[in-house]
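1. sequence plus the predicted model coming up.
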Amino acid sequence: MPLSESQKRGNKKYQDLKCMRVSLILSKDIGEILLNHIAKNGSTKNGFIIQAIKEKIERETGKKIEELTAEIQTAEETETAKSAKASATEKGEE
């Protein structure tokens with residue numbers, strides 16, 4: 001069943017807020033190997049590439065993706081708090 005216009009707008013809004021697009025250019029040989037592998041394993045291109053990225057990052061950092069995500073969120077919260085305090089100080093609200 002095709003998506004309604006409302007669903008398309010909702011999907012786009014979600015993707016704009018929560019997702020990042022990354023372009024990937026592969027040699028034809030690697031691309032064919034990738035597509036054949038994905039077809040044999042019943043995955044999607046996006047799902048396979050995301051899983052491969054996660055596995056590589058986890059191997060190289062020794063941390064789970066969830067740990068890295070928590071670190072990023074903590075850093076963002078700290079930065080937001082610093083910005084709010086600096087703004088309040090500038091306005092004399094401290």
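-> That came through, no problem. Predicted, not measured: the structure shown is a model, and the values here were computed from it. Numbering: from 1, shown residues only.
2. contacts only, for residue 82.
-> Contact analysis of residue 82 by C-beta atoms under 8 Å, 6 or more residues apart in numbering lists nothing. (Each C-beta comes from the backbone N, C-alpha and C, glycine too.)
3. and it, what element?
-> Assigned by DSSP states H and E, residue 82 falls within helix 65-90.
4. the helices in this structure, which residues?
-> With DSSP state H applied, the chain shows helices at 5-18, 28-41, 45-61, 65-90, listed in chain order.
5. export those helices to a markdown table and append columns for mean pLDDT.
-> Converted to a markdown table, the helices of the chain look like this (pLDDT from 0 to 100):
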| stretch | mean pLDDT |
| --- | --- |
| helix 5-18 | 95 |
| helix 28-41 | 96 |
| helix 45-61 | 96 |
| helix 65-90 | 83 |
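6. for residue 64, grab phi and psi.
-> Main-chain dihedrals, residue 64, degrees, to the nearest 10: phi -70, psi 150.
7. now do the contacts for it.
-> Listed by C-beta under 8 Å, 6+ apart, the contact partners of residue 64 are residue 58.
8. cool, residue 51 as well?
-> Shown in contact with residue 51 (C-beta under 8 Å, 6+ apart): residue 43.
9. from residue 87, how far out is it?
-> For residue 51, the distance to residue 87 (C-beta to C-beta, to the nearest Å) stands at 41 Å.
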